[in-house]
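Chemist: Dropping a prediction and its sequence here:
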Amino acid sequence: MIANGTNGQPAANQSVQLLLPRGGMQHVASVTTDASGRFVFPSANIDPASFYLVQAAYQGVDYNAPAQFDPEGTANIIITVYDSSASAPPLRIQSARVVVLAQGSKAHVQEMFAVRNASDPPRSYVNPAGTFQFHLSPGIIEPKAAVAGLMNMPLPQPVSSGKGRGDYYLQYPLKPGATVVMVAYDVDYASNHLELGDSYPYPITNAELLVSPPGLTVDSTLFTPAGSDAETGSQRYVASGLKQGTKLEARLSGEARADNAAGGAGTEPGQAQAQVQILPNPITRVGVPVLACLLLLLLWVLGIRLAKEWPRFREAQRTSSVQKELAATADALFNSLADLDELFAQGKVPDKQYWKERLDLKARLTATLKKASPLLLESYATRHTSAR
């Protein structure tokens, strides 16, 4: 069923597509909703063993939902769409996390924000002149950005330059509720000194700054020391109740970490794959490349602790032979994800291949977990909602 969350009415005559993530988002079928917003895909095109995505494009915005059909080819799928508006709604950054890693002659900076669209009635914010605005300090090197898409997959976004120097924006539609936005860049640290002064034209409820190596000196009138971060070992600083446009200012100084990038530059791809170790959670290292660190931050902000939950999940399923098989399958898929992340962190997998394979593996893992324990998936959904 497709419902309009702005007016509370069914979305009649709405086009709906059935997509197969494996093989690069293959189009399987298209149908149109009836007067009550309901739709039915031809059962002949559906494989119950496969994982699908259902997509409805409404007023320039794509809305998606995962779909796992039963052996009879049926599934209960509900997608909520919203009217689009080019007028800026009340936007607030609920939580901000800034990670700085000084390594070699560069400082790697990753910033992540949970941005809430509190429009009432709820509408999706769509504007070709930019929906998410930000200002970065001088001297940065090619900023990159991503947002959290369906199933928490980071979706790389083009970064456009604004009117002023250091001004940038994203055109990604901001749907009602929370959207996780990530910005990353490198800046020169050859002088062992860095001044942060990035700003965002939105109020920020809570902000956090993580600095590594932990021996760096941090001077800030905004952030206050809050000890060491248990996950990364970085020094942690916090701030709260920030007004819109407040600079996330901090001055860092001290000796950077040695620039010993993972993997040898001259290693052949085939040799590198043979040497990769499958780790429980390889992207929790602070020193991985920028995009891999963004994946870590994304998982953190959504409250997903798959690596920590997995041993307990497997223990709870030992009494059933069928569940043991499913657990083994999910374990293999999870390890494949870790292996793929490790290869990507070493620069051994091209971007396009990485995103395609990761989406397929994550879709298969989600489908397997759903069969093994619906309660586990429900708990993940609950944590996702509470994180908003």
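Modeler: Cool, the structure landed.
Chemist: drop to CA atoms for contacts and neighbour counts, all remaining ones
Modeler: Fine.
Chemist: So for whichever strand or helix holds Tyr63, mean pLDDT?
Modeler: Assigned by DSSP states H and E, Tyr63 belongs to strand 61-67. Strand 61-67 comes out with an average pLDDT of 90.
Chemist: Quick check: what element follows that strand along the chain?
Modeler: Strand 61-67 is succeeded, C-terminally, by strand 79-81 (DSSP H and E).
Chemist: what separates the helix or strand following that following strand from the chain centre, distance-wise?
Modeler: The helix or strand immediately downstream of strand 79-81 is strand 84-85, counting by DSSP H and E. In terms of C-alpha atoms, centre = their mean, to the nearest Å, the centre of strand 84-85 is found 23 Å from the chain centre.
Chemist: what's strand 84-85 packed up against?
Modeler: Here strand 84-85 touches strand 124-125, going by 3 or more C-alpha pairs under 8 Å, 6 or more residues apart in numbering; DSSP states H and E.
Chemist: Outside of the strand it packs on itself, list whatever touches it.
Modeler: For strand 124-125, the surrounding residues in contact (C-alpha atoms under 8 Å, 6 or more residues apart in numbering) are 61, 82-89, 117, 131, 173-176.
Chemist: and those, which are buried?
Modeler: Those of the contacts of strand 124-125 that meet the buried threshold are 61, 82-85, 88-89, 117, 131, 173-176, by 16 or more other C-alpha atoms under 10 Å.
Chemist: Please name the residues that touch the nearest residue to Leu242 once chain neighbours are set aside.
Modeler: Spatial nearest neighbour of Leu242, excluding adjacent residues (C-alpha to C-alpha, 6 or more residues apart in numbering): Ile204 at 5.0 Å. By C-alpha under 8 Å, 6+ apart, the residues touching Ile204 are Arg92, Ile93, Gln94, Ser95, Ala96, Ser240, Gly241, Leu242, Lys243, Gln244.
Chemist: I'd like the residues you listed laid out as a markdown table, including pLDDT and secondary structure.
Modeler: Formatted as a markdown table, the contacts of Ile204 follow (pLDDT from 0 to 100; DSSP: H, G, I helix; E, B strand; the rest coil):
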| residue | pLDDT | secondary structure |
| --- | --- | --- |
| Arg92 | 97 | strand |
| Ile93 | 96 | strand |
| Gln94 | 94 | strand |
| Ser95 | 94 | strand |
| Ala96 | 95 | strand |
| Ser240 | 96 | strand |
| Gly241 | 97 | strand |
| Leu242 | 97 | strand |
| Lys243 | 97 | coil |
| Gln244 | 95 | coil |
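Chemist: ok, back up a step: go through the contacts of strand 124-125 and name the one nearest Ala3.
Modeler: Using C-alpha to C-alpha, Tyr82 is the member of the contacts of strand 124-125 that sits closest to Ala3, with 8.5 Å.
Chemist: Low-confidence regions, the stretch 151-300 of the chain specifically.
Modeler: Within the stretch 151-300 of the chain, the ranges that satisfy pLDDT under 70 run 151, 260-300.
Chemist: which stretches of it form strands?
Modeler: Taking DSSP state E, counting those that start in this stretch, the strands of the stretch 151-300 of the chain run over residues 154-157, 160-161, 167-170, 177-188, 193-199, 204-212, 217-219, 224-228, 235-242, 247-253.
Chemist: how about the strand holding Tyr63: buried residues?
Modeler: Neighbour counts using 16+ other C-alpha under 10 Å place Val61, Tyr63, Asn64, Ala65, Pro66, Ala67 of strand 61-67 among the buried residues.
Chemist: do stretch 4-19 as well
Modeler: Of all the residues in stretch 4-19, those buried under the rule 16+ other C-alpha under 10 Å are 4-6, 10-19.
Chemist: Same question for stretch 158-173.
Modeler: Buried positions in stretch 158-173, judged by neighbour count with 16+ other C-alpha under 10 Å: Val159, Ser161, Gly162, Asp167, Tyr168, Tyr169, Leu170, Gln171, Tyr172, Pro173.
Chemist: would CSV of the residues you listed with distance to Pro213 be doable?
Modeler: Below are the buried residues of stretch 158-173 laid out as CSV (distance: C-alpha to C-alpha, whole Å):
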residue, distance to Pro213
Val159, 29
Ser161, 31
Gly162, 33
Asp167, 29
Tyr168, 29
Tyr169, 30
Leu170, 31
Gln171, 34
Tyr172, 33
Pro173, 36
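Chemist: Relative to Leu248, how far out is Lys144?
Modeler: The spacing between Lys144 and Leu248, counted by C-alpha to C-alpha, to the nearest Å, is 18 Å.
Chemist: If any of the contacts of Ile204 are buried, give me the ChimeraX selection for them.
Modeler: Selecting only the buried entries of those in ChimeraX, with 16+ other C-alpha under 10 Å as the criterion:
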select :92,93,94,95,96,240,242
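Chemist: nearest residue to Gly227 other than its sequence neighbours?
Modeler: Excluding the flanking residues, the one nearest Gly227 by C-alpha to C-alpha, 6+ apart is Arg236, at 5.5 Å.
Chemist: residues in contact with the one you found?
Modeler: Taking C-alpha under 8 Å, 6+ apart, we find Arg236 in contact with Glu208, Leu209, Leu210, Val211, Pro225, Ala226, Gly227, Ser228, Asp229.
Chemist: among the residues you listed, which ones are buried?
Modeler: With burial judged by 16+ other C-alpha under 10 Å, the buried subset of these is Glu208, Leu209, Leu210, Val211.
Chemist: which residues does the last one bridge with?
Modeler: What it means is Val211. Val100, Gln235 (DSSP bridges).
Chemist: wait, it sits on Thr232?
Modeler: No - if you go by C-alpha atoms under 8 Å, Val211 and Thr232 don't touch, sitting 9.6 Å apart.
Chemist: that older thread, out of the contacts of Ile204, the closest to Leu340 would be?
Modeler: For those, the residue nearest Leu340 by C-alpha to C-alpha is Ala96; the value is 27.8 Å.
Chemist: I appreciate the help and will end here.
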